[in-house]
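have a look at this fold, sequence not included:
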């Protein structure tokens with residue numbers, strides 16, 4: 001699911017609007033969660049026993065809508081009008097603006113639009129500014145939370161032409177409201193040690209309700225930030241959720257009568273090592289600090305790393321405090337008998353834990369490297385190195401030991417001078433070498449699948465082609481795997497059908513993209529045909 005590009009002031013919003021001379025619609029940005037469901041096999045709900053389905057408190061209403069070829073839906077406005085005409089409830093908190101936007105017809109007004117939309121529209125910026133101010137006034141009186149507005153290009157065809165980046169659609173923008181604030185008392189300040197040793201002060205405040213979230217802990221960043229605010233225990237402070245997400249102390253509302261500005265401790269609260277000041281931040285230099293080791297374990301099992309979902313922070317703390325786990329490799333040597341003897345660890349929970357840990361051994365090289373928590377070595381660098389022919393940790397070591405390694409790294413497009421110069425010391429550090437050695441022993445994957453070199457990729461057999469993918473596939477784990485194969489063969493991929501697309505890879509239960517492809521005369525390729533093309537390119541499938 002794509003995100004939205006965001007702006008926080010009208011100046012940046014106006015810059016975006018001025019790039020696109022068209023009509024727009026604007027609607028409330030709801031504060032909540034989003035869910036995308038991909039239905040398979042008609043979206044049936046299945047369990048082994050039909051009575052289990054009956055017990056699920058699920059209500060489902062199915063709608064089916066179609067329109068004739070004569071009915072052309074060309075804009076967001078027209079699609080909403082049609083829904084209203086069919087009897088679906090449509091929000092009135094939607095505005096339309098633009099230099100050429102016309103007033104609604106009497107027929108359209110009868111379909112349920114608000115009276116305010118009857119007025120001929122002013123210049124798009126003036127109309128939008130008034131709409132923003134109106135929504136800001138209404139925000140407090142709404143019985144649901146909104147954290148901004150979403151501005152979208154109204155023309156559906158233009159949206160398709162504009163497309164999207166890997167992060168967000170180019171035809172939409174989120175205008176975020178100023179963050180809400182509330183006052184509360186600062187009870188205490190504690191220090192949290194992160195996986196890199198960074199010591200971060202945290203404010204413990206009286207619980208405060210902000211934008212539907214209960215705030216009790218707020219980061220204070222560093223001593224410089226605390227000094228600027230002049231924070232003391234007992235102060236009444238103003239707390240916000242910046243961007244309606246991250247809690248922050250904004251200012252002191254009422255200062256405590258006694259005491260002085262809080263100061264960072266001299267020693268690490270977890271291991272009593274002397275804290276070192278680097279720039280504005282304090283660090284614990286002890287690589288064996290228990291708080292630091294726990295934080296590394298929290299990160300290692302995370303969803304974007306090894307994804308060991310049954311290992312909660314509470315469970316990691318228990319295993320660590322009992323001396324069963326000190327480093328990542330220890331997780332793979334846990335004994336079921338030892339685990340069952342721990343409080344709250346029954347036989348079933350132990351089985352689930354060990355199954356989840358064992359399953360994590362299947363994670364690919366990219367994930368394993370990411371789980372090590374090396375800030376400089378992320379997914380992008382791993383991809384760049386792989387395209388250049390470096391597809392394993394041993395390759396990284398050889399590159400780091402190569403006298404010409406820095407020059408070779410700088411020659412790879414996308415790798416900067418600073419990273420190239422630091423690569424050797426990072427990869428050859430004794431701490432990392434020991435960690436990788438231990439994780440190799442327990443069976444983690446430190447080799448990537450074979451890849452084409454970057455030159456072969458640019459000159460590959462798919463050069464000049466643009467692919468789109470629809471449906472599900474028997475021989476591939478997911479679409480990302482397919483996209484990587486296509487990229488290595490020199491082609492581009494898009495997530496939506498457009499005139500740029502040359503080939504559509506069609507799997508089982510293909511969606512509407514197949515019909516769109518026919519309209520654009522795009523070549524449709526089956527999974528078997530795609531595999532044949534891969535074999536011709538001598539690429540092995542996993």
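Everything's here; your move. Treat the numbers as computed from the prediction; the structure is a model and nothing was measured.

list the buried residues of stretch 152-159.
152-156, 159 (16 or more other Cβ atoms under 10 Å). No exception for glycine: its C-beta is placed from N, CA and C like everyone else's.

which helix runs longest in the protein?
Taking DSSP state H as the criterion, the chain has its longest helix at helix 124-139.

how about the helices in the stretch 151-300 of the chain?
Assigned by DSSP state H, counting those that start in this stretch, the helices in the stretch 151-300 of the chain fall at 156-162, 223-229, 290-300.

need those in TSV with mean pLDDT, can you?
Listed next are the helices of the stretch 151-300 of the chain as TSV, based on pLDDT from 0 to 100:
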stretch	mean pLDDT
helix 156-162	83
helix 223-229	95
helix 290-300	97
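
most packed of the ones you listed?
helix 290-300 (a mean of 20; mean count of other Cβ atoms under 10 Å).

could I get the buried residue list for the next helix or strand after that helix?
Using DSSP states H and E, the helix or strand that follows helix 290-300 in sequence is helix 313-321. Neighbour-count burial for helix 313-321 flags 315-316, 318-320 (criterion: 16+ other Cβ under 10 Å).

same check, this time on stretch 253-270
262, 264, 268, 270.

repeat for stretch 355-368
Neighbour-count burial for stretch 355-368 [16+ other Cβ under 10 Å]: 356-357, 360, 363-368.

start and end of that stretch, how far apart?
In stretch 355-368, first residue to last residue: 18 Å (Cα to Cα, to the nearest Å).

picking that back up, turn the buried residues of stretch 253-270 into TSV, columns for distance to residue 29.
Below are the buried residues of stretch 253-270 laid out as TSV (distance: Cβ to Cβ, whole Å):
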residue	distance to residue 29
262	37
264	38
268	42
270	41
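
wait, which of the residues you listed is closest to residue 412?
The nearest member of those to residue 412, counting by Cβ to Cβ, is residue 268 at 38.5 Å.

look up the closest residue to the closest one, ignoring the ones flanking it.
Nearest residue to residue 268, sequence neighbours excluded (Cβ to Cβ, 6 or more residues apart in numbering): residue 284, at 4.1 Å.

residues in contact with residue 203?
By Cβ atoms under 8 Å, 6 or more residues apart in numbering, the residues touching residue 203 are 186, 188-189, 217-220, 231, 237, 249.

mind running it again at 6 Å?
The contact partners of residue 203, by Cβ atoms under 6 Å, 6 or more residues apart in numbering, come to 186, 189, 218, 220, 249.

the closest residue to residue 447 other than its chain neighbours and residue 446, how far apart?
Of all residues not flanking residue 447 in the chain, residue 392 sits nearest, at 4.3 Å (Cβ to Cβ, 6+ apart). Distance from residue 392 to residue 446, counting by Cβ to Cβ, to the nearest Å: 6 Å.

next: residue 423.
Look at residue 423 and residue 446: by Cβ to Cβ, they are 17 Å apart.

the more surrounded of these two?
Taking neighbours as other Cβ atoms under 10 Å, residue 423 and residue 446 compare with residue 423 leading, 22 against 16.

distance check, that one against residue 399.
Distance from residue 423 to residue 399, counting by Cβ to Cβ: 7 Å.

leaving out chain neighbours, which residue sits closest to residue 479?
Nearest one to residue 479, counting by Cβ to Cβ, 6+ apart, is residue 469 at 5.3 Å.

surely that neighbour and residue 505 touch.
Yes. With contact defined as Cβ atoms under 6 Å, residue 469 reaches residue 505; the gap is 4.8 Å.

which stretches of this structure have low pLDDT?
31-54, 56, 58-72, 93, 95-124, 243-245, 449-459, 538-542 (pLDDT under 70).

could you pull up the residues touching the residue nearest to residue 268?
Contacts for residue 284 (Cβ under 6 Å, 6+ apart) come out as 193, 197, 268, 273.

mind redoing it with 10 Å?
By Cβ atoms under 10 Å, 6 or more residues apart in numbering, residue 284 lies in contact with 191, 193-194, 196-199, 267-276, 291-292.

picking that back up, to residue 514, which of the helices of the stretch 151-300 of the chain lies closest?
helix 156-162 (16.1 Å).

and the closest one, what does it pack against?
helix 76-85, strand 146-153 (3 or more Cβ pairs under 10 Å, 6 or more residues apart in numbering; DSSP states H and E).

okay, now the closest residue to residue 349 other than its chain neighbours: neighbour count?
Spatial nearest neighbour of residue 349, chain neighbours left out: residue 310 (7.7 Å); criterion: Cβ to Cβ, 6+ apart. Residue 310 has 16 neighbours, counted by other Cβ under 10 Å.

these two touch, right, residue 310 and residue 339?
No. Using Cβ atoms under 10 Å, residue 310 is not in contact with residue 339; the gap is 11.4 Å.

could you tell me which residues touch both of those two?
By Cβ under 10 Å, 6+ apart, the residues touching both residue 310 and residue 339 are 349-351, 353-354.

please name the bridge partners of residue 237.
Per DSSP bridges, the residues bridged to residue 237 are residue 184, residue 252.

let me have the buried residues of stretch 152-159 in CSV, extended by distance to residue 171.
Output for the buried residues of stretch 152-159, formatted as CSV (distance: Cβ to Cβ, whole Å):
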residue, distance to residue 171
152, 6
153, 4
154, 9
155, 9
156, 9
159, 4
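
residue 262 contacts residue 249, correct?
No. Between residue 262 and residue 249 there is no contact under Cβ under 10 Å: 11.6 Å.

identify the contacts common to the two.
186, 203, 220, 226, 229, 231, 235.

counting contacts, what elements does the helix or strand hosting residue 352 pack onto?
In this assignment (DSSP H and E), residue 352 forms part of helix 347-359. On a contact count with 3+ Cβ pairs under 10 Å, 6+ apart, helix 347-359 meets helix 313-321, helix 336-340.

could you tell me the angle between the longest one and helix 347-359?
This means helix 313-321. 90 degrees (axes from the mean of the first three to the mean of the last three Cα atoms, to 10 degrees).

what comes up buried for stretch 383-400?
Neighbour count says stretch 383-400 has 383-388, 390-391, 393, 395-397, 399-400 buried, by 16+ other Cβ under 10 Å.

before we move on, what about stretch 460-472?
For stretch 460-472, a neighbour-count test (16+ other Cβ under 10 Å) marks 460, 462, 465-471 as buried.

in JSON lines, list those along with secondary structure and distance to residue 410.
Formatted as JSON lines, the buried residues of stretch 460-472 follow (DSSP: H, G, I helix; E, B strand; the rest coil; distance: Cβ to Cβ, whole Å):
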{"residue": "460", "secondary structure": "coil", "distance to residue 410": "25"}
{"residue": "462", "secondary structure": "coil", "distance to residue 410": "28"}
{"residue": "465", "secondary structure": "coil", "distance to residue 410": "31"}
{"residue": "466", "secondary structure": "strand", "distance to residue 410": "31"}
{"residue": "467", "secondary structure": "strand", "distance to residue 410": "32"}
{"residue": "468", "secondary structure": "strand", "distance to residue 410": "35"}
{"residue": "469", "secondary structure": "strand", "distance to residue 410": "35"}
{"residue": "470", "secondary structure": "strand", "distance to residue 410": "40"}
{"residue": "471", "secondary structure": "coil", "distance to residue 410": "42"}
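
surely residue 288 meets residue 294?
No. Applying Cβ under 10 Å as the test, residue 288 and residue 294 come out as separate, 11.7 Å apart.

what touches both of the two?
With Cβ under 10 Å, 6+ apart, residue 288 and residue 294 have common neighbours residue 326.

pretty sure residue 526 is touching residue 505, no?
Yes. Taking Cβ under 10 Å as the definition, residue 526 is a contact partner of residue 505 at 8.1 Å.

which neighbours do these two share?
Between them, residue 526 and residue 505 share these contacting residues under Cβ under 10 Å, 6+ apart: residue 471.

these two: which is more packed in?
A count of neighbours by other Cβ under 10 Å puts residue 505 above the other of residue 526 and residue 505, at 24 against 12.

does the more buried one sit in a helix, a strand or a coil?
What DSSP: H, G, I helix; E, B strand; the rest coil gives for residue 505 is strand.
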